[in-house]
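J.: starting from these lines, generate the structure:
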Amino acid sequence: MTRIEPLAEAHLPRLRALFDASSSTCFCRYWHFVGTKNDWLDRCANQPEENAAELEAAVRAGSAEARGLVAVDDDGAIVGWMKLTPRDAVPKLRALPVYRSLDLGDGGTTFSVGCFLVRPDARGKGVARALLAAAPRFAREWGARALEAYPRRSSEPLHAEEAWQGPERVFVDAGFEPVVDVPPYPVYRKAL
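T.: Residues are numbered from 1 along each chain as shown. Just a heads-up that it's a prediction; the model follows:
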């Protein structure tokens, strides 16, 4: 049985273990990185400790940019992570050409599902669905009026590394509605 909890400082060593087990060097810093795509790729390849340190510092500071949920298994290991933060806390999202011109409304009370990470041996077992199912309750407590998601749509199955913003089907099944239905980057929303 997996339980869902808001990310807290006490989770940091186990969250680090999740990123390591998943060979993910981003440490959920993409939305906060300033620089070119090549700079980002270089940093993930050669300086992942900087990403890890920034995430840990943001969690310790209680920053909205580090807000999210973790899925904890019966042994206490973190098997999943979902970034769940006010859209205003991820300004890079609105700066991307695909979203820049869209009128998406209030970014303070609309919480973005920024990414998912599920440990490889836990994939396909409902971890992402459990995280998303718990999101409305926690987001309401944090002041959200809506949840928003940005899955990548593809006619071909996506590899796990390509579905980091969540599988589109998970959002549809959870009652999210498309507010911008333009492939390959639709925007889904769920009112709370």
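J.: helices of the chain, start to end?
T.: Here the chain has its helices, by DSSP state H, at 12-21, 37-46, 48-60, 91-95, 97-100, 127-141, 168-173.
J.: let me have these in a markdown table, extended by mean neighbour count and distance to Gly76.
T.: All C-beta atoms are positioned from the backbone trio N, CA, C, and that covers glycine. A markdown table is the format used below for the helices of the chain (neighbours: other C-beta atoms under 10 Å; distance: least, C-beta to C-beta, whole Å):
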| stretch | mean neighbour count | distance to Gly76 |
| --- | --- | --- |
| helix 12-21 | 16 | 7 |
| helix 37-46 | 12 | 28 |
| helix 48-60 | 17 | 18 |
| helix 91-95 | 14 | 32 |
| helix 97-100 | 12 | 37 |
| helix 127-141 | 19 | 15 |
| helix 168-173 | 17 | 25 |
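J.: mean pLDDT for those helices: which is lowest?
T.: Ranked by mean pLDDT, the helices of the chain bottom out at helix 97-100, with a mean of 87.
J.: give me the contact list for it.
T.: With contacts defined as C-beta atoms under 8 Å, 6 or more residues apart in numbering, helix 97-100 is touched by 93-94, 150, 185, 187.
J.: related to what we said a few turns ago, need the helices of the chain in TSV (columns: distance to Leu158).
T.: Compiled in TSV, the helices of the chain are given as follows (distance: least, C-beta to C-beta, whole Å):
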stretch	distance to Leu158
helix 12-21	20
helix 37-46	19
helix 48-60	23
helix 91-95	19
helix 97-100	17
helix 127-141	13
helix 168-173	9
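J.: among the ones you listed, which comes closest to Trp31?
T.: Ranking the helices of the chain by their distance to Trp31 (criterion: C-beta to C-beta) puts helix 91-95 first, at 5.0 Å.
J.: ok, and the closest non-adjacent residue to Phe111?
T.: Spatial nearest neighbour of Phe111, chain neighbours left out: Ala144 (4.1 Å); criterion: C-beta to C-beta, 6 or more residues apart in numbering.
J.: I'd like the distance between the residue most central in space within the chain and Asp103.
T.: The residue lying closest to the centre of the chain (C-alpha atoms, centre = their mean) is Cys115, at 2.1 Å. From Cys115 over to Asp103 the distance is 24 Å, taken as C-beta to C-beta, to the nearest Å.
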